[in-house]
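> predicted model and sequence follow; I will ask about them next.
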Amino acid sequence: MSIKETLQDDLKTAMRQGDSFRRDTLRQLTAAVKQVEVDEQRSLNEDDIVGVLRREANQRQETIRDAETAGRPTLAEDARAELALIDSYLPQMLSKEELEPIVAGIIEDLGAKGTQEMGRVMGGVMSLVKGKADGRLVSQVVREQLSK
């Protein structure tokens, strides 16, 4: 079952159960997916839908930071709950330990010797782990390994 179908089925279930929080959050997610489909005039594949969900998750993370800065703990808690729900639909991200051998392999393949070649290495790594790893973590691991 695709992520889109899972979202639709879970939305129906939440509606039947009267779970307004899940219903509203799932409606926002399905609306975000539908909006991208309308804007781009095509059906999204699984990778595209994961990208939309990641963007929604990033928005919730920004909301959490902003709410905490503004002293609005209730808003931050709501955003945390939404983020947890969104994360349940996203594939598991690679850890730093899982990224290190991938980065080491790309560095070896490219023969990269210093941080000046970070862009080439990042391009190679991101093409392999697209959607499976956070870009900031990849950047950190690449920088560490090129600095050795």
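Happy to help now that I have it.

> residues contacting the residue positioned nearest the centre of the chain?
For the chain, the residue nearest the mean C-alpha position is residue 54 (3.1 Å; Cα atoms, centre = their mean). Residues near residue 54 by Cβ atoms under 8 Å, 6 or more residues apart in numbering: 90, 131. Backbone N, C-alpha and C define where each C-beta goes, glycine included.

> so what's it scoring on pLDDT?
pLDDT, residue 54: 90.

> ok, so what distance separates it from residue 60?
11 Å (Cβ to Cβ, to the nearest Å).

> for residue 19, give me phi and psi.
phi -90, psi 90 (degrees, to the nearest 10).

> typo on my end, residue 29
phi -70, psi -50.

> check residue 132 too.
Torsion angles, degrees, to the nearest 10, at residue 132: phi -110, psi -10.

> which residues touch the spatially closest residue to it that is not a sequence neighbour?
Nearest residue to residue 132, sequence neighbours excluded (Cβ to Cβ, 6 or more residues apart in numbering): residue 94, at 5.2 Å. By Cβ under 8 Å, 6+ apart, the contact list for residue 94 reads 102, 129, 132, 133, 137.

> repeat the analysis, applying 10 Å as the threshold.
Applying Cβ atoms under 10 Å, 6 or more residues apart in numbering to residue 94 gives the contacts 100, 102, 128, 129, 132, 133, 134, 137, 138, 141.

> equivalent analysis for residue 97, please.
residue 141.

> quick one: what helix or strand has it in it?
If you go by DSSP states H and E, residue 97 is part of helix 96-110.

> what about residue 35, how many residues nearby?
11 (other Cβ atoms under 10 Å).

> how much space between it and residue 126?
For residue 35, the distance to residue 126 - Cβ to Cβ - is 26 Å.
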